[in-house]
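Chemist: here is my input; please provide its structure:
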Amino acid sequence: MNNDAAEQTLRDLFHVAVNIADPMTRVAAALPNKPTGRVVVIGAGKASARMAEAVEAAWGKCEGLVITRYGYARPCAYIKIVEAAHPIPDQAGADATKQIMALVSSLGPDDFVLALISGGGSALLSLPAGNISFAEKQKINHDLLASGAPIDQMNMVRKHLSQVKGGQLAAAAYPARMLSLMISDVAGDNPADIASGPTVGDLSTSNYALAILNRLNIALPQSVLDVLQSKTAVLSPNDPLLSKVENLIIAAPAQSLNAAARMAEKKGFKVKMLGDAIEGEARDLGYDQAVSAMEIQSKMKFGDAPIILLSGGECTVTRKGDGIGGPNAEFALSAALSLDGATGIYAIACDTDGVDGAAEVAGAFIGPKTLAKAQYIGVDAKRCLMENDSHSFFKAIDDQVITGPTLTNVNDFRCFLILPKDGVPRA
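Modeler: Predicted coordinates:
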C-alpha cells in the first residue's frame, strides 16, 4: 500500500464517520408524528440548520428559529435560519437568542416545542447573565478556549454566566411540552454537556464555576464576580420547570467510530478501538497514540493484515504561540514528530464538523514522508508545534483535510493505519 492509497483509505473512513451522523437521516429516524396544536421549532448548533431542514421534510410547514454557524445555513422554507459566530459568540447570535427566548416564553400548556441541539450551540446560543456585557462574555469565552481547559469545565462556566444554558431555555418554555433532539459532540454523551445543556438541568453551582476560572488564572471583571458570587438561574435536574422536557440523543461519536470500524473490517483491516471519549492536550495525545502505533507495529509479522487504530473524543490546546492551529492539526503534527518518518504508519485527525479550532479546515493527514516534505521546503515542524501553528504547517505541505461545512458534529475522529514493517500486507 503506497502513500496515496493509505491517505485515500483514511479519508474514506473519515467520510463514513461523518455521513452516518447526517442530521437528515438521524432526525428522520427519531422524529415523532407532528403534534396537533401550535408547534414551535427552535435550536442552536453547527448541525441545527440541517436538522431543521429534516424537520421540514417530515412535518412540512413549521414555525420557528434556529441558530447555526456562518456558512452552515440550509434552505428552509418556514423555519428561520440565523447564522452567527463560533467559537467566540457575536451580536447576531445574541440577538437571535433573545428572539428564541421571547418565542418560547409566549407558549402555554397545549403547545409543543421541538428543540434541535448540537455541538457549537454553546457559543451560538448566547445571552449573558446579570450585568455582564457582551464584550465581557466574549473575552471570557476567548480566555477559556486558550486555557486548554476540558470542555466540561468550560461548559460549566458558560452555564453560570448565561440566561439560557443549564436548563434555562426549557424553563422559559414551561408549561409547553418539549422534545429536545441532540447530536452529541461531547465525551460521555451527557446531555447536560451538549451545547451547555439549554434544556437540561445541572447539579453544579456558581462556586464551582468561579473556582474553575480562578484555577485557570482568568481575570474577571466585577460584573462576572457579581454573578458567580450569587446563586445563578441554572436549574437542578429535578426542577419542576423541567418536568415536561424529553431529551433524546440521536447521533453520537460512538456511532460514527463504529461505522468506520465496520467499513475497515469489510476491507480486510483489523480494527483496534481506543474509545470515543478520549480527551487531553492535543500534542500529548498525538505523542501517546503515535507511540502506541509503533508498539503495535513492532509486534506485527509479515503477512499480517494492516491494523486500524480508531479513537474519538475532544483534544484541547493550551495556546502558547500565536500561530494558526487547531486541536486535530496539532495532534497530527505532534504524532508526525513522534513517528519521525517511521515507515508503514499513516494517520488522519479531523473534526467531524469540518472546522478544526477556528480554521475552515477539518484536520490533517500524516505519513512517513510528512517531515521530509516539510524539510524540503524549509518548514520547521518543531517550531510550528511550539507556536501552535499546525494549520500553517499542513497547508505548506498540502496535507490539510478540507471538507467545507459537514452540517453535523460528533467530535474528533482520529485514525492510524499501521502496516507491517517487513512486507506487503494482504489488504
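
Chemist: and the strands in the stretch 101-250 of the chain?
Modeler: 112-118, 177-183, 245-251 (DSSP state E, counting those that start in this stretch).

Chemist: angle of the last one against strand 177-183?
Modeler: Note on geometry: by axes from the mean of the first three to the mean of the last three Cα atoms, to 10 degrees, strand 245-251 and strand 177-183 are set 20 degrees apart in direction.

Chemist: what comes up buried for strand 245-251?
Modeler: Neighbour counts using 16 or more other Cβ atoms under 10 Å place 245, 247, 249, 250, 251 of strand 245-251 among the buried residues. For every residue, glycine as well, the C-beta is placed using N, CA and C.

Chemist: and for stretch 104-116?
Modeler: Buried residues in stretch 104-116, counted by 16+ other Cβ under 10 Å: 104, 107, 111, 112, 113, 114, 115, 116.

Chemist: next one: it to chain centre, how far?
Modeler: 27 Å (Cα atoms, centre = their mean, to the nearest Å).

Chemist: now the end-to-end length of that stretch.
Modeler: 14 Å (Cα to Cα, to the nearest Å).

Chemist: quick check: which ranges of this protein have low pLDDT?
Modeler: 423-427 (pLDDT under 70).

Chemist: domains in it, by residue range?
Modeler: Following automatic domain parsing, one gets these domains for the chain: 3-17+254-418, 31-251.

Chemist: can you put the ones you listed in CSV and add distance to residue 23?
Modeler: CSV is the format used below for the domains of the chain (distance: least, Cβ to Cβ, whole Å):
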stretch, distance to residue 23
domain 3-17+254-418, 6
domain 31-251, 4
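
Chemist: out of those, nearest to residue 24?
Modeler: domain 31-251 (4.8 Å; Cβ to Cβ).

Chemist: and the closest one, how far apart are its ends?
Modeler: 13 Å.

Chemist: can you check stretch 140-157 too?
Modeler: Across stretch 140-157, first to last residue, Cα to Cα, it's 9 Å.

Chemist: give the buried residues for that stretch.
Modeler: Quick answer for stretch 140-157 (16+ other Cβ under 10 Å): 140-141, 143-145, 147-149, 151-157.

Chemist: looking at these, which is nearest residue 335?
Modeler: Residue 335 has its nearest neighbour among those in residue 148, at 18.2 Å by Cβ to Cβ.

Chemist: verify the contact between the closest one and residue 316 for me.
Modeler: Yes - using Cβ atoms under 8 Å, residue 148 is in contact with residue 316, at 4.9 Å.

Chemist: residues in contact with residue 133?
Modeler: By Cβ atoms under 8 Å, 6 or more residues apart in numbering, the residues touching residue 133 are residue 223.

Chemist: just the closest of the buried residues of stretch 140-157 to residue 97, please.
Modeler: For those, the residue nearest residue 97 by Cβ to Cβ is residue 141; the value is 14.1 Å.

Chemist: can you pull the contacts of residue 404?
Modeler: Counted by Cβ under 8 Å, 6+ apart, residue 404 has contacts 71, 354, 360.

Chemist: for residue 237, same thing?
Modeler: With Cβ under 8 Å, 6+ apart, residue 237 has these contacts: 167, 192, 200, 201, 202, 203.

Chemist: counting neighbours, what do you get for residue 402?
Modeler: 13 (other Cβ atoms under 10 Å).

Chemist: which parts of the stretch 251-400 of the chain are strands?
Modeler: With DSSP E, counting those that start in this stretch as the criterion, the stretch 251-400 of the chain has strands spanning 270-281, 307-316, 345-351, 363-366, 400-401.

Chemist: specify the beta-bridge partners of residue 245.
Modeler: Beta-bridge pairing of residue 245 under DSSP bridges involves residue 178.

Chemist: what sits against it?
Modeler: So residue 245 contacts 170, 178, 179, 180, 199, 200 (Cβ under 8 Å, 6+ apart).

Chemist: among those, name the buried ones.
Modeler: For the contacts of residue 245, a burial check counting by 16+ other Cβ under 10 Å picks out 170, 178, 179, 180, 199, 200.

Chemist: the helix or strand hosting residue 92 - contacts with which helices or strands?
Modeler: Using DSSP states H and E, the element containing residue 92 is helix 91-105. Judged by 3 or more Cβ pairs under 8 Å, 6 or more residues apart in numbering; DSSP states H and E, the packing partners of helix 91-105 are strand 39-44, strand 63-69, strand 80-84, helix 121-124, helix 168-173.
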